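J.: all I have is the shape, not the residue letters:
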């Protein structure tokens, strides 16, 4: 059973930046695609970004492409989400997750993820 622990959330003004981290336990981290999702109050959880096992292929939701960057450091069992040009619409709880099944092109689907972190709150003020 892998454990995922997010950190780096907080309160930031519109236009600002934050970097989220997700530290994973376990020895098989480097073999899995990892993803970031977010959930705003009253809304469904939505896909933000994913990165393949080696870290050279990212995949972004259209709403964050060009502003967010996903990366990973397999030596540290950690995946990151650099968020720039934040807007109030980015306010949500952000979750990292391990993708257990499905093609990489289906990384946007929550059903393909089998392990989730507890989430970290990101609040962007206007």
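T.: Looks like it arrived, so ask away. A quick note: this is a predicted structure, and the numbers were derived from the prediction, not measured.
J.: every contact and neighbour count from this point should use C-alpha atoms.
T.: Fine.
J.: if I look at residue 5, how far off is residue 115?
T.: 11 Å (C-alpha to C-alpha, to the nearest Å).
J.: so between those two, which is more surrounded?
T.: Between residue 5 and residue 115, counting by other C-alpha atoms under 10 Å, residue 5 is the more crowded of the two (18 against 15).
J.: hey, where'd the strands end up in this structure?
T.: 4-7, 10-13, 18-24, 34-39, 46-51, 58-60, 68-73, 78-83, 92-99, 113-116, 120-125 (DSSP state E).
J.: columns mean pLDDT and distance to residue 105 on top of those strands, output as JSON lines?
T.: As requested, the strands of the chain are exported to JSON lines (pLDDT from 0 to 100; distance: least, C-alpha to C-alpha, whole Å):
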{"stretch": "strand 4-7", "mean pLDDT": "98", "distance to residue 105": "23"}
{"stretch": "strand 10-13", "mean pLDDT": "98", "distance to residue 105": "31"}
{"stretch": "strand 18-24", "mean pLDDT": "98", "distance to residue 105": "22"}
{"stretch": "strand 34-39", "mean pLDDT": "98", "distance to residue 105": "12"}
{"stretch": "strand 46-51", "mean pLDDT": "98", "distance to residue 105": "10"}
{"stretch": "strand 58-60", "mean pLDDT": "97", "distance to residue 105": "8"}
{"stretch": "strand 68-73", "mean pLDDT": "98", "distance to residue 105": "16"}
{"stretch": "strand 78-83", "mean pLDDT": "98", "distance to residue 105": "19"}
{"stretch": "strand 92-99", "mean pLDDT": "97", "distance to residue 105": "12"}
{"stretch": "strand 113-116", "mean pLDDT": "95", "distance to residue 105": "13"}
{"stretch": "strand 120-125", "mean pLDDT": "98", "distance to residue 105": "26"}
